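Novice: What follows is a protein structure lacking sequence information:
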C-alpha cells in the first residue's frame, strides 16, 4: 500500500467510524465501543507508518482537483512534511487514549453513542487540517471542529453551565473565523491559488501585495481557535463538558489547530514585521495573564484550562520569533502531558463520584485512594513546570532559546523587540507555572478538605491510559537530539543561559509556593463541611449543584497559597481579569439594546402601519357589508338619491362654467 493511500485512510477511518457509530448507536449498541476505539486506533497506527515512511526530510504531496471554480481552483490535496507527520501521530494517539478512557468514564452515560461518534468526527476533522494541502479543504476541517466542540462541550445539556459554555465557545471562535475566512480569500487572491505550496512559493518570490492585512486577518482566527488573548475566554468555561473532551480539545485538536496553521504558513506572517510584533505581544499577554488566572482558580479543571492557554502562549511566542520547530515541538510535548493532566483530573472526579468535587478546597485523602492518578499526575505537573528531565523542560527551553536568539539579533527578518517580549514573558510565566502547578498538587493530594466517599477501584481502561501517557510526558524530551529531521533539521537542544534562568525561576516559584502553603497550613485547621457529604446518582453528570451536596464554599479554605501570593490581584485574576464583563459592556449590551430598539420600532411603528391598513380594510368592508341589506327598495332609494345628487352637481357645474 502506498504512503499516499495510507495518508488518505488516516482521516477517513475515524470519519467512517463516526458515521457507523451514529447509524448503529440505537439499533446495535454492542458495536458502539468497538466503532469508537478501533477506527481511531487504526488511524493512529497508520499515522505512525506515514511518519516513518516520510522520515522527516521528505515531503509527501498528492492532489486532484476537487471542483472547478472558474477562478482560483480548489484541490483535494495532501501535503505532509515533518511537522504534519508528527502532529498527526499526536492526534491519533491522544484521540485513541480518550476513546479508550471514555469507555470507562462514561460507561453508564445514555448518550455515549453520540458522544463517541462526535469524538471520532472531531478527530477526523483535525487530521484533515493536519494533512490537507489546500486551504479551503483545511477550512472544512477547521469548521467541523467548531461544531463538534459545540455539541461535546454541551454534552450535559441539562445544566445551564454546559449550554452557556457550548454557545460561548461557538460564538467566540466564530468571531475570529469571520476575519480568518476573509484573510484566506485575500491570500488566495494574491497567490492565485489555495494550495499551500503555491502560497509559499508566492511568498518566497515576494508576490504578496497585502501581507500585513492578510496576516492580521488570519491571526484573528488563530486567536479564536487557539484561545489567545483577547479571544481566550471560551476555553475555561468549556470545562462544563465531559473531562475526556477537555483532554481532546486541549491536547490534540481545536486549540492546536491555530498553532499548527500558523506554523505551516509562518512565511506568510513573517512577511509582515507588524504582524510578528502583534503576535509576540498577544503571546506575552496570554502567557502571563493566564498564569496569574490559573494561580487564583479553585476548580482543578479551570486551573488546567488556564494552563493550556499559557502553554499555547509559549507556542505562539515561538512562532512570533520565527521558530516553528520550537512551536511544534512544544505543541507535541504539551499534548502528551496536558492530556494526562486532564484524564488524571477525570479520575479524581470519578473517584469522588461527583463533578462538583473539582474544587481543590474540597479534596482530601486522594493520594492513597487513587495512586495511579496521583503518580501520573505528579509526572505531568513536573513536565508542565518544565523540570528536567521531563518533556516540558526541553520543549519550553526550545521556545526560550528561540526568543533569546531573536532578542540578540541572530534571526533575520524578525524584530528584536518581539524576541525580548517573548523571552521576558516566558521567563516570568515559568515562575508562575511552577507556582500554580505545585499549588494544584498540594491542594489536590495534600488537601485538608472533606474526604468524599470511596467509590471503589477505577476502571482499568482509565488507569491504563494514564500510564501510557506518562511515558511521553517523561521521556519525549529526551528524543530532542534524534528528531531534528522532523523539525526542518533545526536543533532544539537547550542552552546554558536559558536553562539556568528558566529552571531557576521555576524552582523559585515552587519553593515560595510551598513555603507559603506550609505557613498557612500551620496557622489553620482542616476545612470541614457544614454537613456530611452524601453521594447523589446525578452528581457525576453535573445535575446537582455543590450546595445540594453540602460542600464547603471555596472561599472558606484559609490555606490557599494562591490567595496569599496574589494579594489584591486574586479577585480579578479569579474572574479572568473581568474580560467577560468588558465583553458584556462592549458587545453584549449594545447588541441587546439595538435588539430592543428594533423590537420597539417593529412593534410600535411597523406594526402600527400594518394594523392601520388592516383596520382600514376591515372598516371599509363593514361599511360595504352594511350597504348590502338585500332590500330592493333600499337599493332603489339609494339609486334615486344618488341620481338626484349627480343632477344637482351637474347643474351647479354648468352654471359655474356659464358664469365664468
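Specialist: Perfect, thanks for sending it. Fair warning: this is a prediction, and the values are worked out from it, not measured in the lab.

Novice: neighbours around the nearest residue to residue 312 once chain neighbours are set aside, how many?
Specialist: The shortest distance from residue 312 to any non-neighbouring residue, by Cβ to Cβ, 6 or more residues apart in numbering, is to residue 226 (5.2 Å). Yep, even glycine has a C-beta here, placed from its N, CA and C like the rest. Residues near residue 226, counting by other Cβ atoms under 10 Å, number 29.

Novice: Hmm, residue 257 and residue 226 touching each other?
Specialist: Yes - the pair residue 226 and residue 257 qualifies as a contact (Cβ atoms under 8 Å) at a distance of 7.1 Å.

Novice: Distance check, the residue nearest the centre of the chain against residue 305.
Specialist: Central residue of the chain (Cα atoms, centre = their mean): residue 255, 4.7 Å from the mean position. Distance, residue 255 to residue 305, using Cβ to Cβ, to the nearest Å: 10 Å.

Novice: What number of residues are in the vicinity of residue 603?
Specialist: When neighbours are counted by other Cβ under 10 Å, residue 603 registers 10.

Novice: Please enumerate the shared neighbours of residue 255 and residue 305.
Specialist: Taking Cβ atoms under 8 Å, 6 or more residues apart in numbering as the criterion, residue 255 and residue 305 both touch residue 235.

Novice: Could you look up the SS state of residue 115?
Specialist: Counting by DSSP: H, G, I helix; E, B strand; the rest coil, the backbone at residue 115 sits in helix.

Novice: pLDDT score assigned to it?
Specialist: Here the pLDDT value assigned to residue 115 is 94.

Novice: And the one 10 residues further on, by the same measure?
Specialist: According to the model's per-residue confidence, residue 125 sits at a pLDDT of 96.

Novice: Start the count at 445 instead of 1 going forward.
Specialist: Let's use 445 as the start, then, which means that last one is residue 569.

Novice: Secondary structure element for the residue nearest to it when sequence neighbours are not counted, which one?
Specialist: Spatial nearest neighbour of residue 569, chain neighbours left out: residue 588 (3.8 Å); criterion: Cβ to Cβ, 6+ apart. For residue 588, the host element (DSSP states H and E) is helix 579-597.

Novice: could you say what helices and strands the helix or strand immediately after that helix in the chain packs with?
Specialist: Downstream of helix 579-597, the first helix or strand assigned by DSSP H and E is helix 604-635. Helices and strands touching helix 604-635, by 3 or more Cβ pairs under 8 Å, 6 or more residues apart in numbering; DSSP states H and E, are helix 579-597, helix 640-648, helix 655-669, helix 678-681.

Novice: what angle sits between the third one and helix 640-648?
Specialist: When you say that, I think you mean helix 655-669. Helix 655-669 and helix 640-648 are oriented at 140 degrees to each other (axes from the mean of the first three to the mean of the last three Cα atoms, to 10 degrees).

Novice: Over to the first one?
Specialist: Counting by the same axes, to 10 degrees, helix 579-597 lies at 120 degrees to helix 640-648.

Novice: helices or strands up against the helix or strand hosting residue 1078?
Specialist: According to DSSP H and E, residue 1078 maps onto helix 1076-1103. Packed against helix 1076-1103, as judged by 3+ Cβ pairs under 8 Å, 6+ apart, are no other helices or strands.

Novice: Can you give me the buried ones in it?
Specialist: Within helix 1076-1103, no residue is scored as buried using 16 or more other Cβ atoms under 10 Å.

Novice: Report the distance from the lowest-mean-pLDDT helix or strand in the chain to the chain centre.
Specialist: The helix or strand of the chain with the poorest confidence is helix 810-813; it has a mean of 80 (mean pLDDT, DSSP states H and E). Relative to its chain's centre, helix 810-813 lies at 31 Å (Cα atoms, centre = their mean, to the nearest Å).

Novice: nearest residue to residue 661 other than its sequence neighbours?
Specialist: Nearest residue to residue 661, sequence neighbours excluded (Cβ to Cβ, 6+ apart): residue 627, at 3.0 Å.

Novice: Repeat that for residue 810.
Specialist: residue 889 (5.6 Å).

Novice: who's in contact with that neighbour?
Specialist: Counting by Cβ under 8 Å, 6+ apart, residue 889 makes contact with 807, 810-811, 818, 821.

Novice: The same query, at a cut-off of 7 Å, please.
Specialist: 810-811, 818 (Cβ atoms under 7 Å, 6 or more residues apart in numbering).

Novice: Just give the number of residues close to the nearest residue to residue 687 once chain neighbours are set aside.
Specialist: Nearest residue to residue 687 in three dimensions, chain neighbours excluded: residue 790, at 3.4 Å (Cβ to Cβ, 6+ apart). The tally of other residues near residue 790 (other Cβ under 10 Å) stands at 30.

Novice: repeat for residue 707
Specialist: 22.

Novice: For it, grab phi and psi.
Specialist: Dihedral pair for residue 707: phi -60, psi -40, per degrees, to the nearest 10.

Novice: How about residue 520?
Specialist: phi -90, psi 100.

Novice: May I ask you to confirm that it is in contact with residue 506?
Specialist: No - Residue 520 sits out of contact with residue 506 when judged by Cβ atoms under 7 Å, with a separation of 9.2 Å.

Novice: And residue 495, how far from residue 835?
Specialist: 18 Å.

Novice: Same check on residue 611?
Specialist: For residue 611, the distance to residue 835 - Cβ to Cβ - is 35 Å.
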